[in-house]
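S.K.: Fold the following.
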Amino acid sequence: MRQFFSPRWVLGHVLTLVGVAVCVAACVWQYQRATAGNMLSWAYTVQWPLFAIFVVFLWGRAVRDARGTRAPRSGPPPLRPIAPRPAPVGRSSLGSSLDDEDPQLAQYNRMLAWLAANPDRRPSDFPG
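M.R.: The predicted model follows:
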C-alpha cells in the first residue's frame, strides 16, 4: 500500500482527480449551453460523464495491476501437439517434392532456387 504514496503514484492520483474534475466541469458547461438552446450540446452533456468514468476505470485498472490482484482469465484449453502423419507409401519421410507431378511447380521451384542463389537478380532475369 505504501507504493501508492510514491511521487509517481501521487501524480497519477492528482491527474485522475483533475481529469474527472475537468470532465464534470465540461459536462456542466455543455448542460448550460444545451438548456440555452444548443441542441448539439445535449450529446456532449452525456459524453463528458462517460469520459470521467473512463478516467476512473483506467486509474482503477492501474491500481489493480500494481497490486497484482488481477483475476485469472479463463481462456481456451491448452493446445495439444498433433501426432505426425505417416509418410505416404513410395515417398521419403521428408516428403518428396511434387516436381514429378506438376511441371509448373517444378519450374517455379527452380526459379526460387536460382533467385536464392542470385539475390541481386530479378525474377525476370531467370534463364529458365
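S.K.: alpha carbons only for contacts and neighbour counts from here, please
M.R.: Will do.
S.K.: what domains does the record give for this protein?
M.R.: 2-67, 98-128 (automatic domain parsing).
S.K.: Pull the distance from the shortest one to the chain's centre.
M.R.: On the basis of Cα atoms, centre = their mean, to the nearest Å, domain 98-128 is displaced by 37 Å from the centre of the chain it belongs to.
S.K.: Phi and psi next, for Ala26.
M.R.: phi -70, psi -40 (degrees, to the nearest 10).
S.K.: mean pLDDT for the domains of the chain: which is lowest?
M.R.: Ranked by mean pLDDT, those bottom out at domain 98-128, with a mean of 84.
S.K.: which of the domains of the chain sits most buried?
M.R.: Counting by mean count of other Cα atoms under 10 Å, domain 2-67 has the highest mean neighbour count of these, with a mean of 15.
S.K.: how long is that domain end to end?
M.R.: Start-to-end span of domain 2-67 (Cα to Cα, to the nearest Å) is 11 Å.
S.K.: Now render the domains of the chain as CSV, adding distance to Pro76.
M.R.: Shown next, in CSV, are the domains of the chain (distance: least, Cα to Cα, whole Å):
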stretch, distance to Pro76
domain 2-67, 23
domain 98-128, 37
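S.K.: and of those domains, who's closest to Arg80?
M.R.: Among the domains of the chain, the nearest to Arg80 by Cα to Cα is domain 98-128 (29.6 Å).
S.K.: Following the chain past the host helix or strand of Phe57, name the next helix or strand.
M.R.: Taking DSSP states H and E as the definition, one finds Phe57 inside helix 41-67. Later in the chain than helix 41-67, the nearest helix or strand by DSSP H and E is helix 103-117.
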